[in-house]
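Student: Test case, fold it:
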Amino acid sequence: MKTIALIACSNGYGHIRRLLLLAHALSNKGANPVLFAPLNVVESVVKSEGIIRPKIVDFNTHTNQESWLNGTATDWINFAPNFSGFDIVISDNLIEILLVRPDAWLSGSFFWHESLNNFPENLKLQELSLLRKYKPRMISSKMFTSDAVKNYTTLFEVGVYAQKNHTINQMDKKDALIACGKGGSIKRQAEEFVKLLATREKTKFRQVWVDPDILPYKYPKWMVPATFTHKMYQSILVAVIRPGVGSVTNSILSKARVFPFFERDNKEMKLNAVRIQLYGIGENTHTINNAWYQAELFMSNKKNQAKHFKQSQRIDIDGAQQAADIILKST
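Tutor: Modelled structure (predicted):
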């Protein structure tokens, strides 16, 4: 039985969700995965999405947008546990693992140094040096793979990571979701928009689920705190969101159409918005105002809804199982 360390970037829930699903797929194939991630976040994702909990080591890499820009994001490798006892090591979006495990796999769809403007030059040079030296094996969902990932790694592309294909009732999808996730600098814009939206007497949607982080103190009855549970996703027709891979994936699986908004200096978000439109499961909107306007138009167009639902069913959602097969057969 192969022992596998899965190391999660701590920026947002999407990285941890992806590794939880991969851990489950690896376990089903006879491996022994151990997830290194913040325990409180793991428990939250496990509870909200019903994902099976693997063995956990409570470990926080403290890798987020702020830490990358101030030059401290790679410090995690200096206080990381010893990974030498594992047969396989998989690091989600954190290239520095190659300093201690040159044979490590990477997972993700982008690199931090290519995504953020004003990225520290010394860190960028270190990341590029490691990639050029080792050209690591990397697993990426093909819908979101960046050009840099294709150029600097030995790439294996898979589908979207999904727990299972939940049954979705198209006729009951009459709600909207507004969320900006845990990353990025777009929160203030989203807060202001939701505050203004809350002054409306009504909306085209039955309910509008709003990320609790941007929910105003007072809000109308048709506006409710987002729970990010399967039950919530079953009801949403549109997702007005910052297009992180985790948020987009959850929306895709719920058959909701995605209307993204994001900070203009984030290349990853720009790429994801383009891919969302390319795959026919959303629009390449940029601002939250335009995203909401387009979402309301979609709510009023039954023909477009039927077309979207049909397109959503064509998306490959077997990414976790495909990744587990590739990793175990290639090692």
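
Student: Helices of this structure, residue ranges please.
Tutor: 14-28, 39-49, 65-69, 112-115, 121-134, 147-152, 187-197, 230-235, 245-253, 267-278, 288-299, 302-312, 319-330 (DSSP state H).

Student: I'd like those laid out as CSV, including mean neighbour count and mean pLDDT.
Tutor: (Glycine included, C-beta is placed from N, CA and C.) Output for the helices of the chain, formatted as CSV (neighbours: other CB atoms under 10 Å; pLDDT from 0 to 100):
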stretch, mean neighbour count, mean pLDDT
helix 14-28, 24, 93
helix 39-49, 16, 87
helix 65-69, 17, 86
helix 112-115, 21, 87
helix 121-134, 15, 95
helix 147-152, 15, 94
helix 187-197, 17, 94
helix 230-235, 17, 89
helix 245-253, 25, 89
helix 267-278, 19, 92
helix 288-299, 19, 97
helix 302-312, 14, 94
helix 319-330, 19, 95
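
Student: Which one of the ones you listed lies nearest to residue 6?
Tutor: Within the helices of the chain, the stretch nearest residue 6 is helix 14-28; the backing value is 4.5 Å (CB to CB).

Student: Take that closest one, keep the C-alpha atoms, and write them as PDB.
Tutor: Presented in PDB, the C-alpha positions along helix 14-28 are these (Å, rounded to 0.1, in the frame of the first residue of the first chain):
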ATOM      1  CA  GLY A  14     -11.000  25.100  -3.400                       C
ATOM      2  CA  HIS A  15      -7.500  23.700  -2.900                       C
ATOM      3  CA  ILE A  16      -8.500  21.600   0.100                       C
ATOM      4  CA  ARG A  17     -11.700  20.400  -1.500                       C
ATOM      5  CA  ARG A  18      -9.700  19.200  -4.500                       C
ATOM      6  CA  LEU A  19      -7.300  17.200  -2.400                       C
ATOM      7  CA  LEU A  20     -10.100  15.800  -0.200                       C
ATOM      8  CA  LEU A  21     -11.700  14.400  -3.400                       C
ATOM      9  CA  LEU A  22      -8.300  13.100  -4.600                       C
ATOM     10  CA  ALA A  23      -7.700  11.500  -1.200                       C
ATOM     11  CA  HIS A  24     -11.000   9.600  -1.400                       C
ATOM     12  CA  ALA A  25     -10.200   8.400  -5.000                       C
ATOM     13  CA  LEU A  26      -6.800   7.200  -3.900                       C
ATOM     14  CA  SER A  27      -8.200   5.400  -0.900                       C
ATOM     15  CA  ASN A  28     -10.700   3.600  -3.200                       C
END
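
Student: How much space separates the closest residue in space to residue 304 that isn't next to it in sequence from residue 292?
Tutor: Excluding the flanking residues, the one nearest residue 304 by CB to CB, 6 or more residues apart in numbering is residue 298, at 5.9 Å. Distance, residue 298 to residue 292, by CB to CB, to the nearest Å: 11 Å.

Student: what residues are shared contacts of these two?
Tutor: When CB atoms under 8 Å, 6 or more residues apart in numbering defines a contact, the residues bordering residue 298 and residue 292 alike are residue 259.

Student: what's near enough to touch the closest residue to residue 146 other than its chain neighbours?
Tutor: Excluding its sequence neighbours, the residue lying closest to residue 146 (CB to CB, 6+ apart) is residue 110, at 4.6 Å. Applying CB under 8 Å, 6+ apart, we find residue 110 in contact with 93, 144, 146, 148-149, 267-268, 271.

Student: Is it possible to get CSV of the residues you listed that adds distance to residue 193?
Tutor: Listed next are those as CSV, based on distance: CB to CB, whole Å:
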residue, distance to residue 193
93, 29
144, 25
146, 28
148, 32
149, 32
267, 23
268, 22
271, 23
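
Student: between the residues you listed, which is nearest residue 229?
Tutor: Checking the contacts of residue 110 against residue 229 by CB to CB gives residue 144 as the nearest, at 23.9 Å.

Student: pLDDT score for that closest one?
Tutor: Per-residue confidence (pLDDT) for residue 144: 93.

Student: contacting residues for it?
Tutor: Counted by CB under 8 Å, 6+ apart, residue 144 has contacts 109-110, 245, 248, 271-272, 275.

Student: Of all pairs in these, which one is the farthest apart?
Tutor: 110 and 248 (12.9 Å).

Student: I'd guessed residue 207 sits against residue 227; true?
Tutor: No. Taking CB atoms under 8 Å as the definition, residue 207 is not a contact partner of residue 227, at 11.6 Å.

Student: before we move on, back to that, do you know which of the helices of the chain lies nearest residue 159?
Tutor: With CB to CB as the measure, helix 319-330 is the member of these nearest residue 159 (4.1 Å).

Student: What are the contacting residues of the closest one?
Tutor: For helix 319-330, the surrounding residues in contact (CB under 8 Å, 6+ apart) are 2, 4, 18, 21-22, 24-26, 28-29, 31, 88, 90, 105, 107, 137, 139, 141, 156, 158-162.
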